[in-house]
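> how would this look folded up:
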Amino acid sequence: MKCVIVNDASCLIDLRKGGLLTAICDLPYQLVVPLPIRESEVLDFSQRQWRRLDDAGLVTHDLTSGEVGQALELKKRHPALSANDCFCYVTALTHEGILLTGDALLRRVASGNGLRVHGVLWVVDELSTNRTCPRKLLRKALRAWQADASVFLPEQEVSSRLECLTVQTHRPGTPSLCV
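Predicted coordinates:
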């Protein structure tokens, strides 16, 4: 059974902005998105984009009433989390998976409760390590994120990955992990 990655809206949006939305499907993980996230107007994805993700193996998780109850309890304990944040958290908990999010509070709450949490830079590392994506596309994604004021990533980490991916391009045989 593949390890599950539960995607929140912010990461899906950033992956699309970076041109890596379908590339993530080539990783050896089962990608899951909670139904409320998929139906969120924040994710103005076209039917074609959703179909490509579905065809690549994306699973849409329809939360049970018990899971919705868990999400509501989490929201009571952490009122600053959005309902969708809580749905992602519970879905990751249910699937014993990795939570992929760019939300700082959700990261703290989830990791503080023992969930594995990563963001889009981890996806870049995984794509590089697994050699499932051309370095040129990874560099393009990192540059797009740098240029986008609505993408909040640590500049030093983005720059170090860009440097590593550029050096690798010029030095055949160097390891692909850029961290």
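> Pull out the buried positions in the biggest helix by length in the chain.
Longest helix of the chain, by residue count under DSSP state H: helix 155-170. Buried positions in helix 155-170, judged by neighbour count with 16 or more other C-beta atoms under 10 Å: 157, 158, 161, 162, 164, 165, 168. All C-beta spots, glycine's among them, are computed from the backbone N, C-alpha and C.
> quick one: that helix to chain centroid distance?
Taking C-alpha atoms, centre = their mean, to the nearest Å, the mean C-alpha location of helix 155-170 is offset from the chain mean by 20 Å.
> got the CA coordinates for it in PDB?
Only the C-alpha atoms of helix 155-170 are listed here, as PDB (Å, rounded to 0.1, in the frame of the first residue of the first chain):
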ATOM      1  CA  GLU A 155      13.600  32.700   0.200                       C
ATOM      2  CA  GLN A 156      16.800  31.000   1.400                       C
ATOM      3  CA  GLU A 157      15.400  27.500   0.900                       C
ATOM      4  CA  VAL A 158      14.100  28.300  -2.600                       C
ATOM      5  CA  SER A 159      17.400  29.900  -3.500                       C
ATOM      6  CA  SER A 160      19.400  26.900  -2.200                       C
ATOM      7  CA  ARG A 161      17.300  24.500  -4.200                       C
ATOM      8  CA  LEU A 162      17.700  26.600  -7.400                       C
ATOM      9  CA  GLU A 163      21.400  26.700  -6.900                       C
ATOM     10  CA  CYS A 164      21.600  23.000  -6.300                       C
ATOM     11  CA  LEU A 165      19.500  22.200  -9.400                       C
ATOM     12  CA  THR A 166      21.600  24.500 -11.500                       C
ATOM     13  CA  VAL A 167      24.800  23.000 -10.300                       C
ATOM     14  CA  GLN A 168      23.500  19.500 -10.900                       C
ATOM     15  CA  THR A 169      22.700  20.500 -14.500                       C
ATOM     16  CA  HIS A 170      26.300  21.300 -15.100                       C
END
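> Done for today, thanks.
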